[in-house]
Structures are given as C-alpha cells and as structure tokens.
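# how would this look folded up:
(chains A and B)
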2 protein chains.
Amino acid sequence: MDPIAELITSYFELNGSSIDELDDGGTEPSPLEFMRYVARNTPFVVRRGAASWPALKTWSVPFLRDALAEHVVNVAVTPNGYADAPTAGPDGKVVFAKPWEEDQAFPEFLDYVVQQEKGQLDASAETRYAQTQNDNLRHEYASVFSHVHRDIPFARIALQRSPEAINLWIGNSHSVTAMHRDNYENIYVQVLGQKHFVLLPPLCQPCVNEQPLQQYNYARAGESFGLVPETPEADDQGQIADDDNTVPFAVWDPDVPTESKTEYSALAEPMCVTLDPGDMLYLPAMCITIRIR
Amino acid sequence: MDPIAELITSYFELNGSSIDELDDGGTEPSPLEFMRYVARNTPFVVRRGAASWPALKTWSVPFLRDALAEHVVNVAVTPNGYADAPTAGPDGKVVFAKPWEEDQAFPEFLDYVVQQEKGQLDASAETRYAQTQNDNLRHEYASVFSHVHRDIPFARIALQRSPEAINLWIGNSHSVTAMHRDNYENIYVQVLGQKHFVLLPPLCQPCVNEQPLQQYNYARAGESFGLVPETPEADDQGQIADDDNTVPFAVWDPDVPTESKTEYSALAEPMCVTLDPGDMLYLPAMCITIRIR
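Residues are numbered from 1 along each chain as shown, chains lettered A, B, ... in the order given. This is a model prediction of the structure:
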C-alpha cells in the first residue's frame, strides 16, 4: 500500500472523524489539557464555554446597530458568497477569486445581512461579509470589546502569549469560506447565530489537490460583478514584477468529492461541527478548515 | 524556491540548531512545560535532571557485575559497531545489516565492553552492545530497577500514561546507532559514561535519503563475520512470503555529507548534544536520531 494512503487511513482508524467535545458544563480545559490538543493538532469544542461572557447576553442586532451606529466597516462582497475561493474564471478556467471590498455604514451593512438571511432579498442578491482579520475587535469595534473576555486564559498560559489578533466576523448563511489553513492557533467563539465547520487534519493535505490559481478580484460593474486579474503591485523602484501571479490553493471540494480529486481525496473523513451561541472551538494551526458557513 | 527547501531553511532560521538546556539546577520541567516541547517535536536536555536517582551513586562496573553475576544477557555483536545500519553488502551494494545476537554471561559481557573501551583489545575486535528494547529494566535487570525512578512524573502526567518500556543499554564508544526515528516519546537518562546524540527535526526527512535496503544478518564465522540475507519468516500456514525483504532506511550520513545525499541534505543542520551522568534528554517521537555513540 502507498505509504501516504496508509498514513491517512490509519490516522482515521486511530482517531475517528468526530470532534472531541469537552464537558457540557462550560468548563474550559486546563492549560495542560489544552496543550495535549495542540500537540496532536486536534480540534475540540467546549459547549457553552463562553456562556458567561457579557456579549452572550448583551449583543443583538439592535444593540450592535446602536453601539456601532457611526461606524464604517470594510465589507467583502461577492455575487455568490464565495470570497477567496476557487471559481470559474472568465475563460472557464478555475481562478482564485477575491471579493470586492468596500466601506459601508455599519447599520446599513447589518440590516442587509439580516434581510438576506430572512429571505427578504432576491435569490441573486450579492453576499456581504465583514471578515477583516486585522485585530478589528480591539480597533474598529473597540466600543464593544469590553463585552468579551480580553483573552482565553488556558490558551494564553499554555502558549505563553497573548492573542495576536481578536476579530469579530459578521455575516449570514450565504457566506462560505473555501478550504484553507492558517499558520496560527485559533480559538473561535460563536456569539449570535450558528456556524458550521468542516475540518480535516493536517495530514490530509494530499487529499485537497492544491493547485496554482491565477488571482482575480471581483469588481462591481453596475448591478453585477466582473472578475478582473489582480494587478501585481509595483516594488520600491516602481517596477512591476513579471511574476505568474498565482497562489497555491486547494481545489478539491468535499461536497463534490468526485470532482477535482486526487488519488487520496476519497480517504479523507471530514470532521463536522455546528457551533451555537456560547460555544468555543479550538482550531489548530495548519488544520485544514473547509466550508465554514 | 522549492517549497520543501523553503520549509527546512525557515525552520532552522526560526529555531536554530542548538538543543534547549533547561535550568542547570537539575530542575525538571512541569508537565505543561514538557507538553510545549512535545507539541513542537523539540528535544531538550535537563542537565543533572536525574542526579538524585540512587543509580547515579550506586551503579558502577563492579556493582553491576556483582548484582547481575548470574545473569545471561542478549548481546548484539557486529564487526564494526554498526548494528541495524546501512552497510556494504556481499556484492558491494548497500544493505541493511542486523547484528549477530547471542546470549552471554553478564560479567563476561561487561568485562569485554570495559576492556575494549580501555584499548586492551585488538583494533579489529568485534563490538558488543546490550541493546534490547523489551522493557528489560523491569524484567531481566529487575534486580537493579529499584535504583532508578519508576517513571518520569512530568512525562507521565503530561502524556497521561506510564512508560511502555524502560530499557537499560550497556555498550562502549565503539557502538554507533545509525540514523533512525521512533514512533514514541522517549526520555533518555545517562547513568555512566557519556553519550553523543545528533538529532534532526522530523521535517528533515527529505534530507536523509530513505531507500529500500535488503535485510541481512551478521553471522559468526569462526574468527570473523559473514553477512547472510535474512530468511523471511514462514506464516501460520508454513508459507514463506515471496516479499522483497527490504526495509526503508536512511542512507545519507551527516558525517560524510556529500555522499548518498538528496537535493535537501545540505540544508539539514544537525543538533548535537553530549550527555554526562545524571543528564536527561527528551527525544521527541519521529525526531530523527543519528550517530548515537
């Protein structure tokens, strides 16, 4: 048997494909218990782990609209909810499509997201998602930061560092995050609504069919969107690099498992979990995260 | 740049190639501190970490000869000190050479090892090494087991398990262990003499040039040794498999770095450490261990 196939197969035989759920009473792990998961690159959920955070009581659509009434937010806009995702490009070839970004008044943005979720917009309406990862909860959204814990003690003590970034993301069920992985440890807390995660362990990398994709940007064109090739940035000397402008990205989609597959794709056993308000999820660094909706 | 080369290069840029030494006062890490090393697959040394173990005071050549006077030990014998190592085979091709194993009276074995170390034997004398890994310190050597600690508390608590095996190895500086890796966490304690370790992080696997090697056994032939192909074992039905009888093994040797290399070998930065009596070394699972002497 192919050693890579053997590795992936025995991983799932040994570990299963369900995500550990810690004690239902909202008890966080100790730093040592957390570090055991970090060592094994294994996610876990603490159901109701953040139930005592003030935001779980105070945050609501009216509260946030009011608290951030004067705010302008950076919004990622796509025609279909797929931002930073493999997409059929202008000539039919799969490209990497980045969202159109624009600043919107926070109350209008929030109302749009809610209306779309309630089915009050056309099926063809664009998808909007406030998804910046620039430590926004300690900056743009600072006025509501006091409603969440400043850090996660078990993670701070175990990893011996404070959070590099604390981000608030606001979207609806039309937003889908494509398969990707991040090079840092992440604790995700659900405050309002639900989020569905599908995860693969890092050793499933051979299953995901990473390909170099040309980078394109969505651009508003009247009522619809066009895809335009990303312009390479000029360097210090004003020179534009003659690079191929591609980014390596996974093109296999476990929802359509027989397409764009590798010889290993069928061995992957995606681990699924749905978070409700107050639930906390540890997303290990380099864990492959797919189809966050 | 080749992504594998980039990964290896940036690993050493970030982590250096020296092995962490914990506090010189013999202070063991806490379970959490240990788990941080486990999570990063990173070795560390605790100088004098086992200095308080009774064995550090009681064990000596006369003591062991006396305590194990009636014992018979399994001894690995090679003409050159290289057991379980890539070796030029009968037809000049590199093969995997396993030692000749024989039972010897413990006192005679110990005297041989000491005499050879003192230079009292011919340069061509065979090398003997008691290297069984069958939990021997809790079995054959049980009469001296009470002189060491029953387990390593920081590792037992962190990993939530007692040691699977506790082994005592006895040899001299003629024994060399070839590059290999083990699929379990290991705490090594030096009691007498010195041992030199050279380690590579797991991501250096592409540097070591793993090749399928035919398995051979050394066999005593009068005053010298022959290499004979290993006979495949018969299965339950008495059938002998028509297997190719090879084992995958690293053939690159960092002491002769320009031979048997891969395109990545030159990027490896071996981490060296010498243990003195009382020193403790954490050898992470899958860490590549080379040239233990």
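
# Please tell me how far A:V247 sits from chain B.
13 Å (CB to the nearest CB, to the nearest Å). Just so you know, the C-beta spots here come from the backbone N, C-alpha and C atoms, and that holds for glycine as well.

# Is it correct that that residue falls within a strand?
Yes: secondary structure of A:V247 (DSSP: H, G, I helix; E, B strand; the rest coil): part of a strand.

# The nearest residue to A:D103 once chain neighbours are set aside: how many residues sit nearby?
What sits nearest to A:D103 in space, not counting adjacent residues and going by CB to CB, 6 or more residues apart in numbering or on different chains, is A:V72, at 4.9 Å. When neighbours are defined as other CB atoms under 10 Å in any protein chain shown, A:V72 has 14 of them.

# Next, see if the longest strand that chain A contains gets close to chain B.
Identified as the longest strand of chain A according to DSSP state E is strand A:210-221. No: judged by CB under 8 Å from any CB of the partner chain, strand A:210-221 makes no contact with chain B; its nearest approach is 10.1 Å.

# before we move on, back to that, the residue nearest to A:D103 touches A:P107, doesn't it?
No: counting by CB atoms under 8 Å, A:V72 stays clear of A:P107, with 10.4 Å between them.

# In the stretch 51-200 of chain A, which residue sits closest to chain B?
Residue of the stretch 51-200 of chain A nearest chain B, by CB to the nearest CB: A:A158 (6.6 Å).

# Find the nearest non-adjacent residue to that residue, please.
A:P31 (3.9 Å).

# my guess is the one you found meets A:I157, correct?
Yes: the pair A:P31 and A:I157 passes the contact test of CB under 8 Å, sitting 4.1 Å apart.

# Neighbour count: these two, which is higher?
Higher neighbour count among A:P31 and A:I157: A:P31, with 21 against 16, using other CB under 10 Å.

# who are the neighbours in contact with that one?
A:153-155, A:157-158, B:32 (CB atoms under 8 Å, 6 or more residues apart in numbering or on different chains).

# Buried ones from the residues you listed, can you make that a ChimeraX selection?
If you want just the buried ones from those in ChimeraX, going by 16 or more other CB atoms under 10 Å in any protein chain shown, the selection is:
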select /A:154,155,157,158 /B:32
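
# quick one: low-confidence parts of the stretch 101-250 of chain A?
Applying pLDDT under 70 to the stretch 101-250 of chain A flags residues A:233-243.

# hmm, try it at 50
Within the stretch 101-250 of chain A, not a single segment meets pLDDT under 50.

# show me the contacts for A:P202.
A:P202 sits in contact with A:41, A:181, A:284, A:286-288, where contact means CB under 8 Å, 6+ apart.

# give me that answer again for 10 Å
A:P202 makes contact with A:11, A:41, A:181, A:284-288 under the criterion CB atoms under 10 Å, 6 or more residues apart in numbering or on different chains.

# And the furthest pair within these?
Maximum pairwise distance among those (CB to CB): 17.3 Å, between A:Y11 and A:A285.

# So which of the two has more stuff around it?
Shown here are A:Y11 and A:A285; by other CB under 10 Å, A:Y11 has more neighbours (18 against 14).

# SS state for that one?
helix.

# In three-state terms, how would the closest residue to it other than its chain neighbours be classified?
The shortest distance from A:Y11 to any non-neighbouring residue, by CB to CB, 6+ apart, is to A:L203 (5.7 Å). Here A:L203 takes the helix state, with states given by three-state DSSP.

# List the contacts of A:L203.
A:4, A:7-8, A:11-12, A:41, A:264, A:268, A:286, A:288.

# List the contacts of the nearest residue to A:A178 once chain neighbours are set aside.
Spatially, and ignoring its direct neighbours in sequence, A:A178 is nearest to A:A85 (3.6 Å; CB to CB, 6+ apart). A:A85 makes contact with A:78, A:94-99, A:176-180, A:213, A:249-251, A:253 under the criterion CB under 10 Å, 6+ apart.

# Filter the residues you listed down to the ones in strands?
Short answer: the contacts of A:A85 in strands (DSSP E) are A:78, A:94-98, A:176-177, A:180, A:213, A:249-250.

# Most neighbours among these, please name it.
Result: A:A97 is most packed of those (other CB under 10 Å), 27 neighbours.

# Grab the nearest non-local neighbour of that one.
Per CB to CB, 6+ apart, closest to A:A97 is A:T87, 3.9 Å.

# my guess is that neighbour is in a strand, correct?
Yes: judged by three-state DSSP, A:T87 forms part of a strand.

# So what pairs up with it in the strands?
A:V95 (DSSP bridges).

# Would you confirm that it contacts A:Q215?
No: proximity of A:T87 to A:Q215 does not meet the contact threshold set by CB atoms under 10 Å, at 11.1 Å.

# So for these two, which residues contact both of them?
Listed as contacting both A:T87 and A:Q215 by CB under 10 Å, 6+ apart are A:95-98.

# okay if I get those residues as JSON lines plus distance to B:D20 and pLDDT?
Output for the shared contacts of A:T87 and A:Q215, formatted as JSON lines (distance: CB to CB, whole Å; pLDDT from 0 to 100):
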{"residue": "A:V95", "distance to B:D20": "45", "pLDDT": "95"}
{"residue": "A:F96", "distance to B:D20": "40", "pLDDT": "95"}
{"residue": "A:A97", "distance to B:D20": "44", "pLDDT": "95"}
{"residue": "A:K98", "distance to B:D20": "41", "pLDDT": "95"}
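
# and the residues you listed, which two are the farthest apart?
A:V95 and A:K98 (9.7 Å).

# Spell out which residues are contacts of both of those two.
Common neighbours of A:V95 and A:K98 (criterion: CB under 10 Å, 6+ apart): A:85, A:87, A:215-216, A:227, A:230, A:247.

# who wins for neighbours among those residues?
Neighbour max across those (other CB under 10 Å) = A:A85, 24 neighbours.
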